[in-house]
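> just coords:
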């Protein structure tokens, strides 16, 4: 049994919701919006005709369109669920068609650059409330979405100073009704927090998988066979959507490079401990890192069930 | 339902099995040996009286002792499941008490240094067949053990040249009956394979968790809350047994430093791609790493179920 959503709202939060981009996040949002009665009408839009056809087949929303002007017409909330690199052109396309008082939000993994890309294209009568639900899987596409993706996860809102408070409150209610916890912070702070909790871990995972693939002394078949020793978990992270992650690194460069610099410093000192045989130093460090995990489990962001020994049938969704 | 073991053997493989060290691996071995009828008598030994008491309570083996001489007396197979750093002293203690033709094996995560530590202490009438089941969880201690830990995992044997073939065959049959697949290779090759599939991934995980803990700009509470973005998986790896991992790095230093050198080279080039905004290079790399994961799933070493979105109740064992 998955963690479950609460009772659906008795009356829809808004008349019309437009979801632009029907990948993992957009599709999950469409599903939870329907299930929780977040909007009376749900319009889905995607640039890819194949994605639209599939989204229609599996019932993501009431209307499906490739026309952004049509999608956002009369929408109370428009959520951009496209890769960060596509935000600017989508904003330019929808800007002139937003109704009075419309809220534009997004689900991009970086925030400062998204605000920079989107804000200039919105009319004064619309409200920009950037957002980022910290949730996902290593899968992508409309079929990957599911309604409980956001349950008990954190959704971060990063409204620029002076943003309409009612608009922020509505987006907060929206995410709460979708099962998420909401936190508000500045875009800059978001970007450094996510650099350490998500972006640099992904970069490192991609890197170690590449290193393994390129080693001449160990065959790929060996890498795969003996991956249960730890490597396996890195490959899951390193199989996330390439387009999304390319855009993350292109758009959160400064924070990523800053955190990566710290990681490299720390790794050099750890490397020195290994080289010099500093057993006490290694033991102390390995003991200290355990505490962080306990905190994550205590906060309900993880299960305590052992995972290295996970068995296929148990892990099936 | 966990992956299951096959039918138990009709007659025990050997009369007496001694398991030295009753942590996660030793306890799992005791359980599967009993369940699959691998030995008529199972003796468990541990230096820690509290561990022995607990092992007795939960029924790990027929006899429990703190006396290594007593544990290995008349044993046909003795398996050392102690941290790599303890192998030498255990070997010295059991050497004089091994019976004619006894097989000594182990489950250490490094092999060349274990052979170097153990071999000199064994009498000529005993056979050393070093082993390493590539399986585990992030938990430790006798309570963490379970009988299906080795099912469909690989167990590597690294017999030095000239090892008695019948002894190698018996250890191979032993692991097969415990549910594992068996592969034989040289100790040196094992150590480089494991450096990339396990040791360096662990080192990197420990390192990123430490970096996160030490960042001044992001609070620990934030790290924990927003860990679902990828960091969470690293904390699991970084919560593995500190003693075991200290010993791994002290005893597989050369292979670890070699692989780490390659990792660092690769990371520098990736860092340069981020700095210079090389979107095509990033995209190509992120696409390539997906293929490795598919291979691991195809080989049955991993489930294809999405894991980032894992939900507490599903993941419970």
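Noted; the coordinates are in hand. Because the structure is predicted, anything quoted here is derived from the model rather than measured.

> surely residue A:117 forms part of a helix?
Yes. Under DSSP: H, G, I helix; E, B strand; the rest coil, residue A:117 falls within a helix.

> got a list of what it touches?
A:87-88, A:91 (Cβ atoms under 8 Å, 6 or more residues apart in numbering or on different chains). C-beta coordinates here come from the backbone N, C-alpha and C atoms, glycine included.

> tell me the secondary structure at the closest residue to chain B within the stretch 1-150 of chain A.
The nearest approach of the stretch 1-150 of chain A to chain B comes at residue A:137, 3.3 Å away (Cβ to the nearest Cβ). Following three-state DSSP, the label given to residue A:137 is coil.

> pretty sure it is touching residue A:144, no?
Yes. Applying Cβ atoms under 8 Å as the test, residue A:137 and residue A:144 come out as touching, 6.5 Å apart.

> pull the number of nearby residues for residue A:62.
15 (other Cβ atoms under 10 Å in any protein chain shown).

> buried ones in stretch A:174-183, by neighbour count?
By 16 or more other Cβ atoms under 10 Å in any protein chain shown, the buried positions in stretch A:174-183 come out as A:174-175, A:177-183.

> mind listing what's buried in the longest helix along chain A?
When chain A is parsed with DSSP state H, its longest helix is helix A:253-276. For helix A:253-276, the neighbour count (16+ other Cβ under 10 Å) marks A:253-256, A:258-260, A:262-264, A:266-267, A:270-271, A:273-274 as buried.

> quick one: residues in contact with the helix or strand that contains residue A:248.
Element membership of residue A:248, judged by DSSP states H and E, is helix A:242-251. With contact meaning Cβ under 8 Å, 6+ apart, helix A:242-251 is reached by A:23, A:83-86, A:109-110, A:113-114, A:140, A:199, A:202-203, A:206, A:256, B:273-274, B:277, B:279, B:282-283, B:286-287, B:290.

> same deal with stretch A:43-52?
Residues from elsewhere that reach stretch A:43-52 (Cβ under 8 Å, 6+ apart): A:16-23, A:26, A:30, A:55, A:60-68, A:71, A:75, A:141-142.

> show the average pLDDT along it.
Stretch A:43-52 shows a mean pLDDT of 97.

> how long is that stretch end to end?
From its first residue to its last, stretch A:43-52 covers 11 Å (Cα to Cα, to the nearest Å).

> can you check stretch A:103-111 too?
OK, stretch A:103-111 end separation, Cα to Cα: 16 Å.

> what about that stretch, distance to the chain center?
Offset of stretch A:103-111 from its chain centre (Cα atoms, centre = their mean, to the nearest Å): 10 Å.

> mind listing what's buried in that stretch?
For stretch A:103-111, the buried set under the neighbour-count rule, 16+ other Cβ under 10 Å, comprises A:103-111.

> same question for stretch A:188-195.
Result for stretch A:188-195 [16+ other Cβ under 10 Å]: buried residues A:189-195.

> and what of stretch A:48-58?
Here stretch A:48-58 shows A:51-52, A:54-55 as buried, counting by 16+ other Cβ under 10 Å.

> what about residue A:214, how many neighbours?
There are 13 residues near residue A:214, going by other Cβ under 10 Å.

> that one reaches residue B:266, doesn't it?
Yes. Under the criterion of Cβ under 8 Å, residue A:214 makes contact with residue B:266 at 7.4 Å.

> OK, contacts around residue A:41?
Residue A:41 makes contacts with A:15-17, A:62-63, as judged by Cβ under 8 Å, 6+ apart.

> save those as CSV, and put in secondary structure too.
Output for those, formatted as CSV (three-state DSSP):
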residue, secondary structure
A:15, strand
A:16, strand
A:17, strand
A:62, coil
A:63, strand
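
> show me just the buried residues among these.
Burial by neighbour count, judged by 16+ other Cβ under 10 Å, picks out A:16-17 from the contacts of residue A:41.

> and of the contacts of residue A:41, the nearest to residue A:131?
residue A:17 (13.6 Å; Cβ to Cβ).

> mind listing what that closest one touches?
Per Cβ under 8 Å, 6+ apart, neighbours of residue A:17: A:33, A:38-39, A:41-43, A:75-79.

> quick one: the helix or strand following the longest helix of chain A to helix A:253-276, angle?
Using DSSP H and E, the helix or strand that follows helix A:253-276 towards the C-terminus is helix A:279-298. Calculated by axes from the mean of the first three to the mean of the last three Cα atoms, to 10 degrees, helix A:279-298 forms an angle of 140 degrees with helix A:253-276.

> and helix A:279-298, is it in reach of chain B?
Yes. Helix A:279-298 lies within reach of chain B by Cβ under 8 Å from any Cβ of the partner chain, at A:279, A:282-283, A:285-290, A:292-296.

> which of those count as buried?
Among the residues of helix A:279-298 next to chain B, the ones that count as buried by 16+ other Cβ under 10 Å are A:282-283, A:285-286, A:288-290, A:292-293, A:295-296.

> for the stretch 1-150 of chain A, which residues are neighbours of chain B?
Counting by Cβ under 8 Å from any Cβ, the residues of the stretch 1-150 of chain A that sit close to chain B are A:1-3, A:85, A:109, A:134-139, A:144, A:146, A:148-149.

> just the buried members of those?
Buried members of those, scored by 16+ other Cβ under 10 Å, are A:2-3, A:85, A:109, A:134-139, A:144, A:146, A:148-149.

> ok, which pair from the residues of helix A:279-298 next to chain B is furthest apart?
Longest span within the residues of helix A:279-298 next to chain B, Cβ to Cβ: A:279 and A:296, 27.2 Å.

> roughly how far out does stretch A:200-218 sit from the chain middle?
Computed by Cα atoms, centre = their mean, the chain-centroid distance of stretch A:200-218 equals 23 Å.

> likewise stretch A:164-180?
On Cα atoms, centre = their mean, the centre of stretch A:164-180 falls 17 Å from that of its chain.

> show me where chain A has its strands.
Ranges of strands in chain A, per DSSP state E, are A:14-20, A:39-45, A:63-65, A:77-80, A:103-106, A:127-128, A:131-133, A:154-157, A:181-184.

> quick one: which of those strands is nearest residue A:165?
Among the strands of chain A, strand A:127-128 sits nearest to residue A:165 (Cβ to Cβ), with 9.9 Å.

> can you list contacts of that closest one?
By Cβ under 8 Å, 6+ apart, strand A:127-128 touches A:101-105, A:115, A:118-119, A:122, A:159-160, A:163-164, A:167.

> apply 7 Å and report the result again.
Applying Cβ atoms under 7 Å, 6 or more residues apart in numbering or on different chains, the contact partners of strand A:127-128 are A:103-104, A:118-119, A:122, A:160, A:163-164, A:167.

> what's the farthest-apart pair in those?
A:118 and A:164 (15.6 Å).

> just want to know which of those two has more residues nearby.
The neighbour comparison of residue A:118 against residue A:164 (other Cβ under 10 Å) goes to residue A:118, with 23 against 15.

> where does the prediction get shaky in the stretch 201-317 of chain A?
Low-confidence segments of the stretch 201-317 of chain A, defined by pLDDT under 70: A:306-317.

> at 80 instead, please
A:300-317 (pLDDT under 80).

> domain ranges for chain A?
By the assignment in automatic domain parsing, chain A contains the domains A:14-185, A:189-302.

> now render those domains as TSV, adding distance to residue B:224.
Compiled in TSV, these are given as follows (distance: least, Cβ to Cβ, whole Å):
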stretch	distance to residue B:224
domain A:14-185	10
domain A:189-302	5
